[in-house]
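Novice: got a structure for you, letters missing:
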């Protein structure tokens, strides 16, 4: 944070004093009172100051000073005062050579009264942004957070871009410096949306400013679109790259939010690389957050290395058995690999802070730029007009030998000489001049020396007048079409300086990562049923499951009650009360609980199946009807909705039924909510219930979708439907790099690039591949994609893919280029003519060695029929 940001703690201390406290302190007049404050006497005027008056006046003055003079940028040039003074000082020192930063800082102190530290920090930050200052030496590193070298070791000068867009003495408003000894700009005549390109951040009294940086190329394109009356949108672009979610950007206004993510790539199965950084983070802070998450057990890593040089590269090595996809999600969920940023666009306009959106800031900048260009053109036109007047009068003065007139030579004083010249020119000039002749025009004629008169060249004078006439016409044309001129100005900036202005931050949509699903299970849950304790610190207890410190557990008791509570080191649940305990997964509808319970009021036994997908933590629930004396007779938890069959034995002598043992199949019971009563099993007393046979799942496969907007698997009907998956099923992924691999259908799967093909894997499906080698030979092969976690190359990287299809009867037409006397040949390709191969790495069958002129797929009759049916349906 720079030196212009105010001390937050001091502000908070001031804000803790309420207006009531101030008023009470200011009105307490009794010296014996505890809150009495003696008035101070001004030595000069004997004026008394009460504490309330000091807060009402001096504090407001102080707040205004911090807001206007320190922390918030000006709307016209997008600069804070210290930045403006640094750039103005460098402009005064500009001679095309580099200057020591220490020298620049010292010269700037003539305009900035707040010390050299704030000046040096502002200069370094401007240099690191890379737009306005050319640097030499060690200026630090925004990736690693390394600081710049001392000012005596590094050098700087204004960039050509800064000289182009920032300065113009004739169109700059001026004011006295703080000591009155010199002048400084009120604001620089910036002819570019510098504020949006650089971004700004500052903390003042009662408000803060946070404007995110944007891409300068996109800013220019948006400016031109606005001038043409076209719509435009602006999104941040960070110098550290990464990925950004702008769904809630809200045009950079208060209340908006963006999420910035590091770009994480999987180099190997157990090696991850962080390539780009989130905005505002460095490799040091990012590594610290990763190590803290590892120490807390939220993620598991083996070691971490910082390989950052010109670009960021943090290598994360994973232990054996740790999922890379799950770790990536964990990095986003528990570390600074993902950060939320709340923009707050605030600027100074008319000596007041204003909260605007970035679109409003761009519109204001474009309008201001057009006004500055218009004013500059008018000044140029005025200069050309004055030069034209001078050249025209000089020609007339010399050509008509007015300097030889006797009244002129004998004129006793200057005024008489001017009158003689005026009288001589009046009949000659007529309407040929741009404006009436003034005494200043005539006075300049008196300053012409005889040597210049003798060397006067009429032809050169006429050429000068012609050139000035053309330039004035061109300038006037620009003034008449000032909007087109402004668009051309922006376009010329992009053409001249736009190299390297490509967007660095990728815009995307982030899916919601549930922390409980990606946290590493580094703890073990135990239960001591005899003593009634459960937790991660129970010694010698019964093992339940692996868990993490942020997980919840679900506990069912013998009386039919249950609750969801946080897993702790040791928690008392009740002696001999616990029927079932396990880790609780919120939203899980596939874990089905099968139960038979006795109602304490009616003594009737009921059977039910239910899931617990949502509950409030530490609130008691009941799977029975809640009557006194109710209890659970049989209970099972089934993670995939399995339904077993049980044998029910009735109590002998307590019923008149002859058949005391019968079978009950849970598969016949519908799955309902937890509060459902269930179906009657029997009204007779039950002696015992035993498991007869473990059944299969009654839920069927899990429906899986792929959302291309976020490149994630989900089960929530978002994106493209992939199918219904059993536990052993896998997903086939074909990448744009022509590599194929298979993976499971877990939600933690990561796809670094949008897959070319993603579908349910069918090991029997045959794919047809047509490709061309670098030598120009075209091949076809038909293969089945292997079930491999490692990406397998379908073709070599240097080969060109022509077609990849799973259509069983696909047909293609290939036309070769004519070669010498050989005419172009047409080759019809039907994939059914080729036998499937065993290996994906096989070369295949050669089609032709001739260069290809065109290649296209032949639409089958079935496809055309389907299209016609769709058209008829639409009609």
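Specialist: Perfect, I can see it now. The shown structure was predicted, so the numbers you read here are calculated from the model rather than taken from an experiment.

Novice: For residue 421, give its distance to residue 398.
Specialist: Residue 421 sits 12 Å away from residue 398 when distances are taken as Cβ to Cβ, to the nearest Å. (Glycine included, C-beta is placed from N, CA and C.)

Novice: between the two, who's got more neighbours?
Specialist: Applying other Cβ atoms under 10 Å to residue 421 and residue 398 shows that residue 421 carries more neighbours, namely 25 against 18.

Novice: Which positions in stretch 238-247 come out as buried?
Specialist: Going by neighbour count (16 or more other Cβ atoms under 10 Å), the buried part of stretch 238-247 is 238, 239, 240, 241, 242, 243, 244, 245, 246.

Novice: ok, for the first one, nearest residue in space, not its chain neighbours?
Specialist: The one in question is residue 238. Nearest residue to residue 238, sequence neighbours excluded (Cβ to Cβ, 6 or more residues apart in numbering): residue 279, at 4.3 Å.

Novice: Repeat that for the fourth one.
Specialist: Counting by Cβ to Cβ, 6+ apart, residue 276 is the residue found nearest to residue 241 once chain neighbours are left out, at 3.4 Å.

Novice: for that neighbour, which residues make a bridge with it?
Specialist: Taking DSSP bridges as the rule, residue 276 bridges to residue 263.

Novice: before we move on, the earlier item: which ones are touching the residue nearest to residue 238?
Specialist: Residues near residue 279 by Cβ atoms under 8 Å, 6 or more residues apart in numbering: 212, 236, 238, 240, 242, 244, 260, 339, 341.

Novice: In this structure the fourth one contacts residue 274, no?
Specialist: No - at 10.9 Å, residue 240 and residue 274 do not qualify as touching, with contact defined as Cβ atoms under 8 Å.

Novice: Are there residues contacting both of those two? Which ones?
Specialist: Contact criterion Cβ under 8 Å, 6+ apart; residues shared by residue 240 and residue 274: residue 312.

Novice: coming back round to it: which one of the contacts of residue 279 is nearest residue 518?
Specialist: Among the contacts of residue 279, residue 339 lies closest to residue 518 (Cβ to Cβ), at 17.1 Å.

Novice: Surely that closest one is in a helix?
Specialist: No - counting by DSSP: H, G, I helix; E, B strand; the rest coil, residue 339 is not part of a helix but strand.

Novice: doesn't residue 286 make contact with it?
Specialist: No - contact criterion Cβ under 8 Å: residue 339 and residue 286 do not qualify, at 9.9 Å.

Novice: Looking at these two, which has the bigger crowd around it?
Specialist: Applying other Cβ under 10 Å to residue 339 and residue 286 shows that residue 286 carries more neighbours, namely 25 against 19.

Novice: mind checking how far the closest residue to that one other than its chain neighbours is from residue 322?
Specialist: Of all residues not flanking residue 286 in the chain, residue 336 sits nearest, at 5.3 Å (Cβ to Cβ, 6+ apart). Distance check for residue 336 against residue 322: by Cβ to Cβ, it reads 20 Å.

Novice: More neighbours: which of the two?
Specialist: residue 336 (22 against 17).

Novice: Ramachandran coordinates for that one?
Specialist: Main-chain torsions, residue 336, degrees, to the nearest 10: phi -80, psi 10.

Novice: show me the contacts for it.
Specialist: Here residue 336 is in contact with 278, 281, 285, 286, 289, 290 (criterion: Cβ under 8 Å, 6+ apart).

Novice: Surely the last one touches residue 299?
Specialist: So the one you mean is residue 290. Yes - look at residue 290 against residue 299 with Cβ under 8 Å: they come within range, at 7.4 Å.

Novice: what do the two both touch?
Specialist: 331, 335.

Novice: of those two, who's got more company?
Specialist: Each of residue 290 and residue 299 has its neighbours counted (other Cβ under 10 Å); residue 299 has more, 27 against 23.

Novice: Helix, strand or coil: sort out the closest residue in space to that one that isn't next to it in sequence for me.
Specialist: Using Cβ to Cβ, 6+ apart and skipping the chain neighbours, the partner closest in space to residue 299 is residue 330 (4.1 Å). Following three-state DSSP, residue 330 is assigned to helix.

Novice: Over to residue 299?
Specialist: coil.

Novice: My guess is it contacts residue 289. True?
Specialist: No - with contact defined as Cβ under 8 Å, residue 299 does not count as touching residue 289 (10.5 Å).

Novice: intersection of neighbour lists for these two?
Specialist: Common neighbours of residue 299 and residue 289, using Cβ under 8 Å, 6+ apart, are residue 335.

Novice: which SSE is residue 163 in?
Specialist: Remark: residue 163 resides in helix 160-165, with elements defined by DSSP states H and E.

Novice: What residues sit buried inside stretch 475-485?
Specialist: 475, 478, 485.

Novice: How about stretch 694-711?
Specialist: Neighbour-count burial for stretch 694-711 flags 695, 697, 698, 699, 702, 704, 705, 706, 707, 710, 711 (criterion: 16+ other Cβ under 10 Å).

Novice: how about the last one, what does it touch?
Specialist: Looking back up the chat, that one is residue 711. Each residue near residue 711 by Cβ under 8 Å, 6+ apart is listed here: 750, 751, 752, 753, 754, 755.

Novice: Tell me who's in contact with the third one.
Specialist: If I follow you right, that is residue 752. Per Cβ under 8 Å, 6+ apart, neighbours of residue 752: 265, 266, 711.

Novice: Mind listing the residues bridging to residue 543?
Specialist: With DSSP bridges as the rule, residue 543 is bridged to residue 526.

Novice: Straight-line length of stretch 755-765, end to end?
Specialist: 18 Å (Cα to Cα, to the nearest Å).

Novice: Mind putting the contacts of residue 336 into a markdown table with pLDDT and distance to residue 254?
Specialist: Formatted as a markdown table, the contacts of residue 336 follow (pLDDT from 0 to 100; distance: Cβ to Cβ, whole Å):
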| residue | pLDDT | distance to residue 254 |
| --- | --- | --- |
| 278 | 94 | 21 |
| 281 | 94 | 23 |
| 285 | 95 | 26 |
| 286 | 95 | 28 |
| 289 | 95 | 27 |
| 290 | 95 | 32 |
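
Novice: re the thing from before, of the contacts of residue 711, which pair is most distant in space?
Specialist: Spatially, the most separated pair among the contacts of residue 711 is 750 and 754, at 12.3 Å (Cβ to Cβ).

Novice: the more surrounded of the two?
Specialist: The residue with more neighbours, out of residue 750 and residue 754 and counting by other Cβ under 10 Å, is residue 750; that gives 19 against 11.
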